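**Q** My questions concern the predicted model and sequence given below.
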Amino acid sequence: MSEFRADLHCHSTCSDGTMTPIELIDHARENNLQGLAITDHDSIFAYKDALPYAHSCAFPIITGVEFSSTHRAKSVHILGYSFQENAPSILSLCERHKIRREARNLAIIEKLKQRNMPIDIEASDETHTMGRPHIAKAMVEKGYVPSIAQAFKKYLGENKLCYVAGEPISVEETLSAIHQANGFAVIAHPHLISSSKLIKELLLMPF
């Protein structure tokens, strides 16, 4: 049996990646992958270009997204796959996340301003999801911190000086939206969840 190689967890410039959706597809083909899912944070805009381009190249691609969610006040990221890209439940959840992120960004920027670190970043729109990585990059460009890693370690990471949790969206709500769109869900990077109790509770949910 021949080996099937695919990347099912990558990000484009529509969230915090460094390649456009089309560049990601070309990169996957150049590296002899046989499939791809672009899982941008809380956004499926990449598929506006990715789906027709992949089809023109006869390159296998499935829809994907990485939703931020919470369970018992803990951050849990949920990957959704193979859903209908125009499903109302997915579009509605993406819009809700866009509003949530914008409010969170403004709150973080205000905290940074209070610490004499004013920055400006673009607002989220349907083409780009702005978040903490973009704020961290702006902090590096302003010379406030030496690296993005340091920005998270001291200011933007969970429970750090300028951290803001934002409006919580539950794992249950996220799973419901994915399933309504005939997709299936997977826990993203479970090794980052330190609580075994939390993992056990997640595994009892209807993924």
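**A** Structure received. The model shown is predicted, which means the values in this text are computed figures rather than measured ones. Residues are numbered from 1 along each chain as shown.
**Q** For P118, give its distance to A138.
**A** To A138, P118 is 10 Å away according to Cβ to Cβ, to the nearest Å. Every residue, glycine included, has its C-beta placed from N, CA and C.
**Q** Counting neighbours around each, name which of these two comes out higher.
**A** A138 (19 against 13; other Cβ atoms under 10 Å).
**Q** can you pull the contacts of that one?
**A** Going by Cβ atoms under 8 Å, 6 or more residues apart in numbering, A138 touches 119-121.
**Q** Likewise for A37?
**A** 6-10, 61-64, 81.
**Q** can you check S196 too?
**A** By Cβ under 8 Å, 6+ apart, the contact set of S196 is empty.
**Q** Among the contacts of A138, which one has the most neighbours?
**A** Compared across those, I119 has the highest neighbour count, 17 neighbours, by other Cβ under 10 Å.
**Q** Pick the one among the contacts of A37 closest to V145.
**A** C10 (26.1 Å; Cβ to Cβ).
**Q** Skipping its backbone neighbours, what lies nearest the residue nearest the centre of the chain in space?
**A** Nearest to the mean C-alpha position of the chain, counting by Cα atoms, centre = their mean, stands H41 at 1.6 Å. Leaving aside its chain neighbours, H41 sits nearest to S15 (4.1 Å; criterion: Cβ to Cβ, 6 or more residues apart in numbering).
**Q** how far away is S82 from D40?
**A** Counting by Cβ to Cβ - S82 and D40 are separated by 16 Å.
**Q** With neighbour numbers in mind, choose between those two.
**A** Using other Cβ under 10 Å as the criterion, S82 and D40 rank with D40 on top: 24 against 13.
**Q** quick one, phi/psi of A6?
**A** A6 adopts backbone torsions of phi -150, psi 150, taken as degrees, to the nearest 10.
**Q** Ramachandran coordinates for the closest residue in space to it that isn't next to it in sequence?
**A** Closest residue to A6 apart from its sequence neighbours, by Cβ to Cβ, 6+ apart: G35 at 3.3 Å. Phi and psi for G35, reported as degrees, to the nearest 10, are phi -170, psi 160.
**Q** Can you report how many residues neighbour G35?
**A** The burial count for G35: 15, using other Cβ under 10 Å.
**Q** check contacts around K111.
**A** With Cβ under 8 Å, 6+ apart, K111 has these contacts: 161-162, 164.
**Q** got it, and V140?
**A** Neighbouring residues of V140 by Cβ under 8 Å, 6+ apart: 146-148, 151.
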